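Engineer: Show me the folded form of this:
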Amino acid sequence: MHPALSEFVDGAKREIDRLPDVADRVDAIAPLMQRLTQLAPEFLGPEHRQSDPAHYRRNAIYLCPDDKLSLYALVWLPGQWTPVHDHGSWGVVGVVDGFLEERAYMCPHGEICADSGIALKRGGVVLLNPGAVTSFVPNPDHIHMTGVAAGRPTCVSLHLYGRNMSSFHMYDVAAGTRRRIDVGHHKTTD
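Structural biologist: Numbers count the residues shown, from 1 in each chain. Model prediction:
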């Protein structure tokens, strides 16, 4: 593992062990992510910058054996978006190249208690440029869609999650439903 990457992973693990509150964790890890975005040209290889013309691409960088965290490089071509989804976890995201857009959704009554009858409303938007870092905590969960607007350059972003991110909920806003999907892993490095 590249020294910059190893330093980041070790630092994130220390903060996880030290801080039981997830909001405190993301506060402590966000500066580590900001530094990692600056060092990305040193450790991101071609295997981490793979794209897919059909949809955004998740390239696993590090998957913690004890499921404490996972780190991915996501590559977004112009016009590519995630579905509306949540993570079931805390997370910290940093932008390496390009501009990433996040559109928030919220449940008007607070918690989501079922997989149907979910009335989500659009929230705000966040535009992230190279070097920008954002974070989220489940409360009850962070529901959003992320992507790159058509006409913008390709984006590479680093996504750290507080678990091995092999599944998440996907929402159909019009139908008022959600379902868990399994996305698996494509590990590219140790």
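
Engineer: so Met170 bridges to which residues?
Structural biologist: On the basis of DSSP bridges, Met170 is bridged to His85, Arg179.

Engineer: For the host helix or strand of Thr146, name the packing helices and strands.
Structural biologist: Using DSSP states H and E, Thr146 sits within strand 143-147. Contacts defined by 3 or more C-beta pairs under 8 Å, 6 or more residues apart in numbering; DSSP states H and E place strand 143-147 against strand 100-106. In this view, the C-beta of every residue, glycine as well, is placed from N, C-alpha and C.

Engineer: Is the residue most central in space within the chain part of a helix or strand, or is it coil?
Structural biologist: Nearest to the geometric centre of the chain sits His159, at 4.0 Å (C-alpha atoms, centre = their mean). Under DSSP: H, G, I helix; E, B strand; the rest coil, His159 falls in the strand class.

Engineer: now stretch 81-96: how far from the chain's centre is it?
Structural biologist: Stretch 81-96 sits 3 Å away from the centroid of its parent chain (C-alpha atoms, centre = their mean, to the nearest Å).

Engineer: still on that earlier bit, I'd say the residue nearest to the centre of the chain and Val95 touch.
Structural biologist: No: under the criterion of C-beta atoms under 8 Å, His159 is not in contact with Val95, lying 10.3 Å apart.

Engineer: From the centre of this protein, point out the most distant residue.
Structural biologist: Gly117 (26.0 Å).

Engineer: close enough to count as contact, that residue and Gly176?
Structural biologist: Yes: applying C-beta under 8 Å, one finds Gly117 in contact with Gly176, separated by 5.7 Å.

Engineer: Distance-wise, check Ala12 relative to Val26.
Structural biologist: Noted for Ala12: a distance of 10 Å to Val26, by C-beta to C-beta, to the nearest Å.

Engineer: same question, Glu47
Structural biologist: 27 Å.

Engineer: Ser135 now?
Structural biologist: From Ser135 to Val26 the distance is 4 Å (C-beta to C-beta).

Engineer: and if you look at His55?
Structural biologist: His55 is 27 Å from Val26, by C-beta to C-beta.
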